[in-house]
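S.K.: can't give you the sequence, but here's the structure:
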Ligand code: ADP
Ligand code: MG
């Protein structure tokens, strides 16, 4: 995005009652393919937003833009009062340095479809790696916290297990614990249960549900309509790079207003 584009759209820092995440008119293309055409949404602190949409509708790209894995071409993303990727000095807007980006990324946890654990590290080591290596937390403190997190995701007895010794569902719960270890203010989930055998999905969704109950702000891409109905404060249906429809889970899932939303819901039910 151009500097002037950002400077015009970058607003004041978040007011105490403002949303934790503000996505305003975001655009993103890969070559000639405009994947995100004009995406706006807000996520209040302590709430869960479920993103629904057909394959290729830009859901992963949107999450990746929030977490610095892609850069946007226009619009703005603000998390906790800070513009993602840009820094304001007076009226000027500058791109962030790699160090500033790393700091910003630390406040955002992400869990992918594939568990992405380090295969040569135990569950405990996977969880303590970033706190010790990046955040410089003392090893003993990080280990104690990792054990608490393993307990929280139902894996207290698996600290010494390597990823290859864990089921997909267990690995995904370690991945969630690993993301939580950096004490993020926002958690992003990109189809966290799509790669799992059906009987392992429930445990992962239960952990996510508890996280939501504890007040974590979450953006979740999932086709688990039951989870969306039970947990989401807001459901956003994306298609063709735009938000087609958004609202409460009851509104979007049970009484969708748009034909595209109805077609999609029929295809995943
Ligand atoms: P979704 O997660 O909703 O299935 P994605 O955000 O993964 O959709 O992808 C949206 C579109 O962007 C797809 O057509 C995909 O092929 C394209 N796309 C995603 N990442 C890239 C990339 N790095 N380079 C080129 N095209 C990409
Ligand atoms: Mg995707």
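M.R.: Perfect, thanks for sending it. Just so we're clear, the structure is a prediction, and the values are computed from it rather than from any experiment. Ligands and ions are numbered 1, 2, ... in the order given.
S.K.: gap between residue 45 and ligand 1?
M.R.: 25 Å (CB to the nearest ligand atom, to the nearest Å). Glycine gets a C-beta too; all of them are placed from N, C-alpha and C.
S.K.: Next one: that residue relative to residue 213, how far apart?
M.R.: Per CB to CB, to the nearest Å, residue 45 is found 15 Å from residue 213.
S.K.: Please say which of those two ends up with more neighbours.
M.R.: Between residue 45 and residue 213, counted using other CB atoms under 10 Å, the more crowded position is residue 45 (17 against 10).
S.K.: Now do the same for the more buried one: helix, strand or coil?
M.R.: coil (DSSP: H, G, I helix; E, B strand; the rest coil).
S.K.: in terms of contact, does it touch residue 81 like I think?
M.R.: No - the criterion here is CB atoms under 8 Å, and residue 45 misses it with residue 81 at 11.0 Å.
S.K.: just wondering, since we're on the closest residue to residue 64 other than its chain neighbours, how far is it from ligand 1?
M.R.: Excluding its sequence neighbours, the residue lying closest to residue 64 (CB to CB, 6 or more residues apart in numbering) is residue 70, at 4.5 Å. For residue 70, the distance to ligand 1 equals 7 Å [CB to the nearest ligand atom].
S.K.: Need the phi and psi values for residue 70.
M.R.: According to degrees, to the nearest 10, the main-chain angles of residue 70 amount to phi -140, psi 160.
S.K.: which residues touch it?
M.R.: Neighbour list for residue 70: 28, 61, 64 [criterion: CB atoms under 8 Å, 6 or more residues apart in numbering].
S.K.: Please apply the same query to residue 115.
M.R.: 163, 168, 171-172, 174-175, 195.
S.K.: secondary structure class for it?
M.R.: Per three-state DSSP, residue 115 ends up coil.
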